[in-house]
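Colleague: No letters, just coordinates:
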């Protein structure tokens with residue numbers, strides 16, 4: 001049986017993507033797939049995500065201005081009933097996309113940084129690395145100005161692993 005409505009297919013494709021990974025996907029992770037493979041436009045993907053949320057087939061958590069999507073039990077049931085309507089070619093496209101981008105996508109949802117102002121104009125840079133939903137490291141650093149706060153947030157993703165390793169070695173007595 002072929003799907004009569006493209007939107008239904010897009011929703012099933014999103015559910016399938018979420019099932020293939022062990023971590024939430026961001027809006028940009030999902031949109032990148034659809035746009036880069038020319039399945040549909042960014043705006044149609046946003047509509048599909050909204051409809052999936054309204055139907056309680058996915059859930060969203062907003063962390064540091066990033067929407068992180070996960071499939072609900074209802075979404076899993078819907079995919080088990082209707083997932084066979086996704087063509088093998090589309091499944092191959094999704095699986096290849098995930099395989100090629102898995103590390104980057106996991107890093108995007110697990111490594112975050114933002115800054116905020118405290119009363120008195122102090123700036124705090126909040127940096128975090130998550131393992132699933134559990135914080136692996138969580139650091140808050142006072143910044144003298146917005147320019148330096150921006151630099152720190154922009155550099156966190158590329159430096160977080162080195163910083164974590166250094167702190168662990170230092171705390172465990174491995175560095176003189």
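Modeller: Yep, it's here. Since the model is a prediction, treat every value here as computed from it, not as a measurement.
Colleague: So what's the model's average confidence on the helix of greatest length in the chain?
Modeller: Counting by DSSP state H, the longest helix found in the chain is helix 146-171. Mean per-residue pLDDT for helix 146-171: 86.
Colleague: Output the contacting helices and strands for it.
Modeller: Under the contact definition 3 or more C-beta pairs under 8 Å, 6 or more residues apart in numbering; DSSP states H and E, helix 146-171 sits against strand 111-117, strand 123-131, strand 134-143. For every residue, glycine as well, the C-beta is placed using N, CA and C.
Colleague: Mind putting these into CSV with mean neighbour count?
Modeller: Putting the helices and strands packed on helix 146-171 into CSV (neighbours: other C-beta atoms under 10 Å) gives the following:
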stretch, mean neighbour count
strand 111-117, 17
strand 123-131, 18
strand 134-143, 13
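Colleague: To residue 158, which of those strands lies closest?
Modeller: For the helices and strands packed on helix 146-171, the distance to residue 158 is smallest for strand 111-117, at 9.1 Å, taking C-beta to C-beta.
Colleague: Show me the contact partners of that closest one.
Modeller: Strand 111-117 is touched from outside by 63-66, 123-130, 143, 146, 149-150, 152-154, 156-157, 160, with contacts defined as C-beta atoms under 8 Å, 6 or more residues apart in numbering.
Colleague: now swap in stretch 78-97 and tell me
Modeller: The contact list for stretch 78-97, computed with C-beta under 8 Å, 6+ apart, reads 1-3, 8-9, 12-13, 15-17, 19-20, 33, 36-37, 39, 57, 71.
Colleague: Just the buried ones among these, please.
Modeller: Among the contacts of stretch 78-97, the ones that count as buried by 16 or more other C-beta atoms under 10 Å are 9, 12, 13, 15, 16, 17, 33, 39, 57, 71.
Colleague: Understood, closing this out.
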